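>>> quick check, what structure comes out for this input:
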Amino acid sequence: MAHSIRDIAKALGAMAEGDLDLEITRAAEPAAAGPSDLALAMDPRYGEGIARGRARAAVVWPGADWRAMGLQAAIFAPRGRLAMAGLSVLLDPGPAIAAGIHPMALVDATASIGEGAAIGPFVLIGAGVKIGPRARIASHVSIAEGAVIGDDALILQGVRIGAGVKMGHRLICQPGAVIGADGFSFVTPETSGVEQIRKTLGKREGIAAQSWVRIHSLGAVSLGDDVEIGANATIDRGTIRDTSIGSGTKLDNLVHIGHNVQIGRDCLICAQVGIAGSSRIGDRVVLAGQCGVNDNIFIGDDVICGGATKVFTNAPAGRVLLGYPAVKMESHVEIQKALRRLPRLAAKVAALEKAISLLPESE
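Next comes the predicted model:
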């Protein structure tokens with residue numbers, strides 16, 4: 001679908017100059033852009049690439065001399081990635097899911113399907129499920145009994161949604177995600193080795209055979225509005241209360257959220273993060289890739305954890321953490337500097353020990 005420069009600029013709330021009636025069909029990197037492409041050069045570093053391509057229009061940085069680049073039109077983007085977000089919405093046609101219920105979908109007679117919803121082939125919708133208006137559900141999705149899906153939701157191929165799960169409006173769920181599986185919760189009839197270690201922090205009073213008794217998950221999962229769940233992410237149902245994720249929070253691929261976890265609003269949880277059971281995460285928290293959060297702890301609002309950080313204790317609001325175990329980022333930097341000095345320090349200590357050993361013994 002073609003869009004004029006005028007319409008694109010209006011959609012982005014951005015200024016534009018030149019031939020505003022010029023139409024483009026897709027976005028492209030500057031050097032690879034053709035005459036019908038919109039080159040993306042929101043930073044001066046990418047400006048020289050325009051000369052290697054054949055673009056007639058581009059998104060450029062404020063103050064760029066677009067005429068000198070040989071362009072016929074330009075859109076100015078003070079915040080490049082923000083412009084990219086708006087442009088991607090405009091140019092993305094979305095998945096091809098035909099309106100209505102596909103004849104190869106299986107929908108329970110007691111399920112409620114909202115007006116304008118699109119249900120793809122091989123979808124299974126259980127008893128009492130409620131699906132909001134204009135929701136789009138791609139092929140091979142299963143939705144268990146009693147689940148509620150909000151308006152304008154997009155649920156992509158192979159997603160599994162458990163019984164009683166509640167999902168807000170405008171949810172996006174990427175392929176293969178599992179929402180509402182049972183939590184990993186077990187107990188032993190006698191005091192277990194794990195319980196001993198938790199209490200003594202390392203000392204064991206004896207090793208004995210033990211067996212595990214399963215604790216079933218009686219809660220479900222509740223998701224707010226505008227939540228996004230990445231591919232192959234998993235969110236376990238709560239033991240008694242629901243596992244919950246606040247509105248606006250985004251989960252990346254391969255994220256695991258344990259049973260009873262409570263996550264606040266507008267958090268960003270990156271790939272391969274694991275949050276253990278019953279932990280509470282505040283609002284606007286950012287957990288970078290491969291972060292781990294211990295069970296039964298609290299992370300305050302606006303905490304940022306760098307990649308692979310392991311959080312074992314409560315983290316106060318606004319703290320920036322890094323490392324294993326997690327410490328303040330500035331402390332982690334100093335620790336790493338000290339570690340790099342250790343070989344030299346060890347060599348100096350060895351030299352001092354040798355020198356001392358050669359000194360004559362005092363009488």
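>>> wait, is residue 116 part of a strand?
No: with DSSP: H, G, I helix; E, B strand; the rest coil as the criterion, residue 116 is coil rather than part of a strand.
>>> so who does it touch?
Listed by Cβ atoms under 8 Å, 6 or more residues apart in numbering, the contact set of residue 116 reads 99, 133-134. Yep, even glycine has a C-beta here, placed from its N, CA and C like the rest.
>>> what about the nearest residue to residue 256 once chain neighbours are set aside, neighbour count?
The shortest distance from residue 256 to any non-neighbouring residue, by Cβ to Cβ, 6 or more residues apart in numbering, is to residue 274 (4.7 Å). Using other Cβ atoms under 10 Å, the number of residues around residue 274 comes to 18.
>>> repeat for residue 18
As a burial measure, residue 18 scores 17 neighbours (other Cβ under 10 Å).
>>> one more: the one 10 residues further on?
A count of neighbours around residue 28, defined by other Cβ under 10 Å, yields 19.
>>> out of the contacts of residue 116, which is most surrounded?
Greatest neighbour count in the contacts of residue 116, by other Cβ under 10 Å, goes to residue 134: 17 neighbours.
>>> SS state for that residue?
coil.
>>> what's the separation between it and residue 335?
Distance of residue 134 to residue 335, given as Cβ to Cβ, to the nearest Å: 52 Å.
>>> for residue 356, same thing?
29 Å.
>>> who has more neighbours, these two?
Between residue 356 and residue 335, counting by other Cβ under 10 Å, residue 335 is the more crowded of the two (13 against 8).
>>> I'd guessed the more buried one sits against residue 326; true?
No: contact status for residue 335 versus residue 326: not in contact, 11.8 Å apart, counting by Cβ atoms under 8 Å.
>>> got a list of what residue 204 touches?
Residue 204 touches 193, 196-197, counting by Cβ under 8 Å, 6+ apart.
>>> which among those end up buried?
For the contacts of residue 204, a burial check counting by 16 or more other Cβ atoms under 10 Å picks out nothing.
>>> and residue 110, that's in a strand?
No: assigned with three-state DSSP, residue 110 falls outside any strand and is coil.
>>> got a pLDDT number for it?
Residue 110 is assigned 98 on the pLDDT scale.
>>> do residue 330 as well
pLDDT, read off for residue 330, is 94.
>>> from residue 340, how far out is it?
16 Å.
>>> now residue 72
According to Cβ to Cβ, residue 72 and residue 340 sit 54 Å apart.
>>> neighbour count winner among those two?
It is residue 72, of residue 72 and residue 340, that has more neighbours when counted by other Cβ under 10 Å, with 17 against 9.
>>> tell me where the protein has helices.
Using DSSP state H, the helices of the chain run over 5-12, 48-52, 80-91, 193-200, 329-357.
>>> what's the most buried one of those?
Across the helices of the chain, the average number of neighbours (mean count of other Cβ atoms under 10 Å) peaks for helix 5-12, which reaches a mean of 19.
>>> residue 16: how many residues sit nearby?
Residue 16 has 22 nearby residues by other Cβ under 10 Å.
>>> for it, give me the pLDDT.
Value listed for residue 16 in the pLDDT field: 96.
>>> nearest residue to it in space, please, no chain neighbours.
Residue 16's closest residue in space is residue 9 (Cβ to Cβ, 6+ apart), at 3.7 Å.
>>> the one you found contacts residue 77, correct?
No: taking contacts as Cβ under 8 Å, residue 9 lies outside contact range of residue 77: 9.8 Å.
>>> flag the shaky bits of the stretch 101-250 of the chain, pLDDT-wise.
Within the stretch 101-250 of the chain, the set of residues satisfying pLDDT under 70 is empty.
>>> redo that, cut-off 80
Low-confidence segments of the stretch 101-250 of the chain (pLDDT under 80): 205.
>>> low-confidence ranges in the stretch 251-363 of the chain?
Using pLDDT under 80, the stretch 251-363 of the chain drops low at 361-363.
>>> repeat that with 70
Applying pLDDT under 70 to the stretch 251-363 of the chain flags the ranges 362-363.
>>> then stretch 92-106 to CSV, C-alphas only?
Extracted C-alpha coordinates of stretch 92-106, given in CSV (Å, rounded to 0.1, in the frame of the first residue of the first chain):
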residue,chain,number,x,y,z
ASP,A,92,2.7,-3.1,9.0
PRO,A,93,-0.4,-4.7,7.4
GLY,A,94,-0.6,-7.2,10.3
PRO,A,95,-1.2,-11.0,10.0
ALA,A,96,-3.6,-12.2,7.3
ILE,A,97,-6.4,-13.6,9.4
ALA,A,98,-9.7,-13.6,7.6
ALA,A,99,-12.7,-12.0,9.4
GLY,A,100,-15.1,-14.3,11.1
ILE,A,101,-14.7,-17.9,12.3
HIS,A,102,-12.7,-20.2,10.1
PRO,A,103,-14.7,-23.4,9.3
MET,A,104,-11.8,-25.5,10.6
ALA,A,105,-11.9,-23.8,14.0
LEU,A,106,-13.6,-25.5,16.9
